[in-house]
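J.: No sequence on hand, only this structure:
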């Protein structure tokens, strides 16, 4: 394992994503990718008395079901790395407080999927661990309540607003074992950037420059160009952010050789589901990758993917203070032979 | 590098804490350890217009001064790992948005010091990085505003309440280089625990069982007993939590062979500074270790320290929901020859 270029860490042992589990809410289950998720829950409360507890419950299901699927006892899980959008990672802590497994809490907003999987690889590639679970969650109701307005107010959503995904995903990261599973070869760790955007209802515009910076840095660090990858998938830029990202590339004279996929666009059917500028939330890239692209990689439809989850690091207090929104994007290079 | 026992990761290359920088507020500067900190700021706003921006500024100073002290240019810093108490890590993001250095955000409440230093060691020991900065901050005013009551209300503080430290600390983690610097030999990663305590004004009672669990696990994993260490230093249990921790050990028939040090007790003079049950906040253990114990290790007063920062993972929303407070504690084993 070594550092490559300015911001990229190369995993020389190429840890694998051995398995994953995705769970989503009713609306996500009705979307174009609905059939790909492992579980769809009808009740947005997941049988709990609050949205925060519901999100914790959903994440707990994602982690517990993955452990069940893996076939080994919970005490063979070396480590859980998890993060979510709620203040002080409420959902991750609620989800894991009965599991008796060492825990590391991460915050990267909607980029958390790449951060948790990437750090799991650092542990596995460094020889520290054999079974690491990387997980994340988000919930439409808990996120809207915390970051914007109480849902009960029925505030009109501007057309740039994105729809937070209700869901959770967990990934089992293991050392390469000869099985045909997607391998993680690199993580490019993003920098905190801030382009002065203050509108919490326009996350796409906030995050597009972070995606641009991380993709550009990744390609420079690895001395690759776009053609190395079958596809590049961005986290949850949505329709607004993806268009801006294409414009940023055009400005540099670079034309993408393929359609740029975005998890924020793929999750919902914009025309029938009234989801504005697309999906967002930690679960957006995590569930779209785990539910959809992971399976396409197993089928060898895509053999080399660069996935670039993006995070708008806003908080209600920074919004109230009139501060601009810092952003970050991390990239994972994932391949299958 | 390898895993030892259930929860402990051993760093076979023993990364060093090459240097550190501590900065505290006026009250902390007037405390018994005041002379040990690198910088004391008189203005609780640090020249900013809000407490959140002030905390970000203080953390930015801690990181920037450490880079200056190190003598190498900022672009040789491979990675910054940072976390704080504010919603969505506001302080860490504000502190680093102009630094152009890859960033990983962590959340472990007041245990963040151990988490950021420990993960920095995972990167260094795994061969990924040569200069990693681990940092954390807290601010009395931003924390009280966020977690409890607006300061302007002048609410009476119960005797179990702890006083959040205004300060920040940064640590430069490097591969062992033959210099006489404290080496990090192990991290024991804590589990999320929840003992049903709901009082946000009694963090010591919340966190004591987490410290007990992590210390016990560390000693089991490493097959050591208390006598291996010159001292064991807990994070910020304060007077209430430390007493409870001693009782937990007594219940198991174990008597501590030395006075148990606690960063929450050492930071302030309880009698003259009106700080209730002691100090708390991410900066408590980070500044007490960086300012005080790190120097004592360089002088060989102590050669083997187990430091166990503890975190109460409360949020204002979990408190409002009437939920109990999950807790965690991570332990770092630090030695100098």
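T.: Sure, I can see it. The structure displayed is predicted, hence computed values, not measured ones.

J.: For the residue in chain A positioned nearest to chain B, which non-adjacent residue is spatially closest?
T.: Proximity of chain A to chain B (Cβ to the nearest Cβ) peaks at residue A:126, 3.0 Å away. Yep, even glycine has a C-beta here, placed from its N, CA and C like the rest. Leaving aside its chain neighbours, residue A:126 sits nearest to residue B:126 (3.0 Å; criterion: Cβ to Cβ, 6 or more residues apart in numbering or on different chains).

J.: Okay, domains of chain A per the record?
T.: Taking automatic domain parsing as the reference, chain A has its domains at A:2-174, A:183-335.

J.: Neighbours of residue A:223, how many?
T.: The number of residues packed near residue A:223 is 9, by other Cβ atoms under 10 Å in any protein chain shown.

J.: That one and residue A:212: what is the separation?
T.: Going from residue A:223 to residue A:212 by Cβ to Cβ, to the nearest Å gives 19 Å.

J.: what's the answer for residue A:113, then?
T.: 19 Å.

J.: out of those two, which sits in the more crowded spot?
T.: residue A:113 (32 against 24).

J.: How about that one, nearest residue that isn't a chain neighbour?
T.: Using Cβ to Cβ, 6+ apart, the closest residue to residue A:113 is residue A:286 (3.8 Å).

J.: Which of the three states applies to the one you found?
T.: helix (DSSP: H, G, I helix; E, B strand; the rest coil).

J.: residues in contact with it?
T.: By Cβ atoms under 8 Å, 6 or more residues apart in numbering or on different chains, residue A:286 lies in contact with A:22, A:112, A:113, A:136, A:167, A:168, A:169, A:171, A:309.

J.: ok, now how distant is the last one from residue A:19?
T.: If I follow you right, that is residue A:309. 20 Å.

J.: And the helices in the stretch 1-150 of chain A, which stretches?
T.: A:26-29, A:51-70, A:90-96, A:112-125, A:140-147 (DSSP state H, counting those that start in this stretch).

J.: okay, the ones you listed in a markdown table with mean pLDDT and distance to residue B:329 next?
T.: Converted to a markdown table, the helices of the stretch 1-150 of chain A look like this (pLDDT from 0 to 100; distance: least, Cβ to Cβ, whole Å):
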| stretch | mean pLDDT | distance to residue B:329 |
| --- | --- | --- |
| helix A:26-29 | 98 | 36 |
| helix A:51-70 | 97 | 21 |
| helix A:90-96 | 96 | 14 |
| helix A:112-125 | 97 | 19 |
| helix A:140-147 | 92 | 27 |
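
J.: Of all those helices, which one is nearest residue B:229?
T.: helix A:112-125 (25.5 Å; Cβ to Cβ).

J.: what is the orientation angle of the closest one with helix B:112-125?
T.: 60 degrees (axes from the mean of the first three to the mean of the last three Cα atoms, to 10 degrees).

J.: Now do helix A:112-125: which elements does it pack against?
T.: strand A:79-84, strand A:132-138, strand A:167-174, strand A:183-188, helix A:282-288, strand A:331-335, strand B:103-105, helix B:112-125 (3 or more Cβ pairs under 8 Å, 6 or more residues apart in numbering or on different chains; DSSP states H and E).

J.: at 7 Å what do you get?
T.: strand A:79-84, strand A:132-138, strand A:167-174, strand A:183-188, helix A:282-288, strand A:331-335, helix B:112-125 (3 or more Cβ pairs under 7 Å, 6 or more residues apart in numbering or on different chains; DSSP states H and E).

J.: Listing partners with orientation, what would you give for the shortest one?
T.: Just to be clear, that refers to strand A:331-335. Take DSSP bridges as the rule and strand A:331-335 pairs in its sheet with strand A:183-188 (antiparallel), strand A:304-308 (antiparallel).

J.: can you list the residues that contact that strand?
T.: A:114, A:117-118, A:182-188, A:214-215, A:218, A:297, A:303-308 (Cβ atoms under 7 Å, 6 or more residues apart in numbering or on different chains).

J.: So among those, which ones count as buried?
T.: A:114, A:117-118, A:182-188, A:214-215, A:218, A:297, A:304-308 (16 or more other Cβ atoms under 10 Å in any protein chain shown).

J.: ok, now how distant is the nearest residue to residue A:184 once chain neighbours are set aside from residue A:172?
T.: Here the nearest residue to residue A:184 in space, its sequence neighbours aside, is residue A:121; by Cβ to Cβ, 6+ apart that works out to 5.0 Å. Applying Cβ to Cβ, the value for residue A:121 to residue A:172 is 12 Å.

J.: Many thanks, have a good one.
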